[in-house]
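Student: give the three-dimensional model of this entry:
(one chain, ligands or ions: 1)
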Amino acid sequence: MNKSIVIYQSKYGTTERYARWIAEELNGAIVPYSRVTLAQLENYQNIVFGGAVYIGETSGTDFFKKYAPILKTKRLFLFTVGISDPAETGNQAVIRQSLKKQIPSDIYDRLHIYHFSGALDFETMTFAHRTIMKMIVGTLKRKDVNDRTPEDNSIIEAYGKSLDLTNRADIYPLIEAVRAV
Ligand SMILES: Cc1cc2nc3c(=O)[nH]c(=O)nc-3n(C[C@H](O)[C@H](O)[C@H](O)COP(=O)(O)O)c2cc1C
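Tutor: So this is what the prediction gives:
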């Protein structure tokens, strides 16, 4: 049994887009986190979970607490989707630090983790999110330029724009890791 299921938590559809690409490549099932069931998880050996990064935290990661007992018997893959450049090790470190706090340590240690680039569209963003972005950017801009992290700079740069950095080719290292048994 080496079947795969992709579970995702997505607000504006970017993480869902990656989840669809991954499920397509793996010939796997795909289901939003809100609809996943324990019975479903039992049927799959490879569990791929995707969540978007909001204010440094990956959404939906309580999945790993909620289903911890069954997940201990599975191969586990996690991908995050955010606007900060995932090639920057500083950005990865920020995301992983918070993942470590969010996910039980025995499960975290068994995760294969990947980071993908997302999208931001200020036109479709909720008022609440637009307000948060405005506050975050205001705070970041008040920081001394030398104290800003690469993530800070990405967020400042993205503010007010619509940009789409999603890239299907980025999923292949994850796909190969899932296939490698
Ligand atoms: C309020 C807000 C906060 C965000 N915080 C971060 C962040 O801390 N780090 C990051 O890389 N991206 C951040 N983003 C960008 C989202 O991760 C990005 O838009 C992602 O593609 C959203 O995925 P979704 O469409 O699946 O929800 C933020 C976006 C919003 C609207």
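
Student: what's the weakest-modelled helix or strand in this protein?
Tutor: Least confident helix or strand, the chain: helix 150-158 with a mean of 81, by mean pLDDT, DSSP states H and E.

Student: helices or strands up against it?
Tutor: Using 3 or more Cβ pairs under 8 Å, 6 or more residues apart in numbering; DSSP states H and E, the elements in contact with helix 150-158 are helix 89-102, helix 127-142. Backbone N, C-alpha and C define where each C-beta goes, glycine included.

Student: quick one: closest of the ones you listed to the ligand.
Tutor: The ligand sits nearest to helix 127-142 of all the helices and strands packed on helix 150-158, at 3.9 Å, using Cβ to the nearest ligand atom.

Student: tell me if the closest one is near the ligand.
Tutor: Yes - against the ligand, helix 127-142 shows contacts by Cβ under 6 Å from any ligand atom at H129, I132, M133.

Student: rewinding a little: looking at the helices and strands packed on helix 150-158, which is buried most?
Tutor: Ranked by mean neighbour count, the helices and strands packed on helix 150-158 are led by helix 89-102 with a mean of 16 (mean count of other Cβ atoms under 10 Å).

Student: OK, contacts around the spatially most central residue of the chain?
Tutor: With distances taken as Cα atoms, centre = their mean, the residue of the chain nearest its centroid is T80 (1.8 Å). Counting by Cβ atoms under 8 Å, 6 or more residues apart in numbering, T80 makes contact with G50, G51, A52, V53, T58, P86, I95, L99, I113, Y114, H115, F116.
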